[in-house]
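K.L.:
Please work out how this folds:
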Amino acid sequence: MSNLNLKGVWIPIEILTDNKLSDKEKYIYAIILYLSKENNYCYLTNKSISELLNISITQVSKLVNSLKDKNYISIELIYKENSKQIEMRKLIPIVKNNDTYLTKVKYPLQQNLPKE
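P.N.:
Presented below is the predicted three-dimensional model:
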């Protein structure tokens, strides 16, 4: 996991308030979105996610598959040539809004109003 170079993750309000996702699904989805910014996919392993969130690899597998079943991500498996052995797994976010930073403010920011 040392090669992950992850210092933190921004969870957009659209994901944070999405009632279709569990808390751990929100974390994983936000991480996938963040790591997919450059190539439109990430190749994070279940083991890396497991270590990052301190949960079992089995639980990670179920959460990733749940994100796939709910159409938040797609998964592309790349096999070694002339083999059934998986060389790489791409986690590809299916997003309506690619911006993972705050884009809308529900309530206007407080402004310093002149005193009367």
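
K.L.:
quick one, what contacts residue 18?
P.N.:
Counting by CB atoms under 8 Å, 6 or more residues apart in numbering, residue 18 touches residue 26. To be clear about C-beta, it is placed using only N, CA and C from the backbone, and glycine gets the same treatment.

K.L.:
tell me which element the most centrally placed residue in the chain falls in.
P.N.:
With distances taken as CA atoms, centre = their mean, residue 29 lies nearest the centre of the chain, 2.4 Å away. Assessed by DSSP states H and E, residue 29 sits inside helix 23-35.

K.L.:
Give me the mean pLDDT for that helix.
P.N.:
In this model, helix 23-35 has a mean pLDDT of 93.

K.L.:
Stretch 74-85 now?
P.N.:
pLDDT averaged over stretch 74-85 gives 90.

K.L.:
Okay, strands next: where are they in the chain?
P.N.:
Assigned by DSSP state E, the chain shows strands spanning 73-79, 86-93.

K.L.:
Now mean neighbour count too, for these, in a markdown table please.
P.N.:
Below are the strands of the chain laid out as a markdown table (neighbours: other CB atoms under 10 Å):
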| stretch | mean neighbour count |
| --- | --- |
| strand 73-79 | 13 |
| strand 86-93 | 16 |
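
K.L.:
Is it possible to get CSV of these that adds distance to residue 50?
P.N.:
Listed next are the strands of the chain as CSV, based on distance: least, CB to CB, whole Å:
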stretch, distance to residue 50
strand 73-79, 17
strand 86-93, 14
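
K.L.:
right, and those strands - which one's nearest residue 37?
P.N.:
In terms of CB to CB, the element of the strands of the chain nearest to residue 37 is strand 86-93, at 9.7 Å.

K.L.:
For residue 10, find the nearest of the strands of the chain.
P.N.:
The nearest among those, by CB to CB, is strand 86-93 at 14.0 Å.
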